[in-house]
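Visitor: From the sequence below, what's the structure:
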Amino acid sequence: MQCPYCQHTDSRVLESRSTGAGRSIRRRRECLSCKHRFTTYERIEFVPISVIKRNGQSEAFDRSKILRGMVRACEKTTVLPSTLEAIAEEIEAQLQQKPKRSITTAQIGDLVLHRLRQESEVAYVRFASVYRQFQGVDDFIETLSHLQDNAEQANLWIQTLNEDEEAEDLTSPSVLTPSAN
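Guide: Numbers count the residues shown, from 1 in each chain. Here you go, the predicted structure:
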């Protein structure tokens, strides 16, 4: 491994650690020439995925582009960088599992939006505004009302589940049968 400080090619590994659910290895190294320490990451090399952009051009999949977009969307939110890294790895793993080797930017954007929505509604709206190319306030209002409708549906669903559980508790044999004290 070439030292980033002096370009010497010999280094020794000080520490190795698995990262990203075992998909990569982080190694701490020390240059044998200048004694500087640096970190390297080893990842499995996957079959390349081709990304078809909106204008029809094709380019190689770049996980760092997804990560950059999510980082911008999550600025000043409570979403941790490690969470964003995990989401990017998860999306890349999903894409690698697909039999098709080409995917559209729209499909990737939908995957990112789905995961961001689970982490932060603010980040979801920010990412959606760029990804869906919002043209004005109406686009924001539509997205926010869609979020609110889904939140209300989720609350109703949770309320229904809680009511069902309470009804089960009242009809369970332990509640209906007197205790033998």
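Visitor: what residue ranges in this structure are flagged as low confidence?
Guide: Scanning the chain for pLDDT under 70 picks out 20-21, 45-46, 131-134, 140, 147-181.
Visitor: Tell me which stretches of it form strands.
Guide: Here the chain has its strands, by DSSP state E, at 11-19, 24-31, 37-43, 50-52, 58-60, 102-104.
Visitor: Serialize the ones you listed to JSON lines and add fields for mean neighbour count and distance to Asp138.
Guide: In short, each C-beta sits where N, CA and C put it, glycine included. Converted to JSON lines, the strands of the chain look like this (neighbours: other Cβ atoms under 10 Å; distance: least, Cβ to Cβ, whole Å):
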{"stretch": "strand 11-19", "mean neighbour count": "12", "distance to Asp138": "43"}
{"stretch": "strand 24-31", "mean neighbour count": "16", "distance to Asp138": "43"}
{"stretch": "strand 37-43", "mean neighbour count": "13", "distance to Asp138": "42"}
{"stretch": "strand 50-52", "mean neighbour count": "16", "distance to Asp138": "29"}
{"stretch": "strand 58-60", "mean neighbour count": "9", "distance to Asp138": "32"}
{"stretch": "strand 102-104", "mean neighbour count": "14", "distance to Asp138": "25"}
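Visitor: how about JSON lines for the ones you listed, with distance to Ala73 added?
Guide: Output for those, formatted as JSON lines (distance: least, Cβ to Cβ, whole Å):
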{"stretch": "strand 11-19", "distance to Ala73": "23"}
{"stretch": "strand 24-31", "distance to Ala73": "24"}
{"stretch": "strand 37-43", "distance to Ala73": "24"}
{"stretch": "strand 50-52", "distance to Ala73": "19"}
{"stretch": "strand 58-60", "distance to Ala73": "21"}
{"stretch": "strand 102-104", "distance to Ala73": "20"}
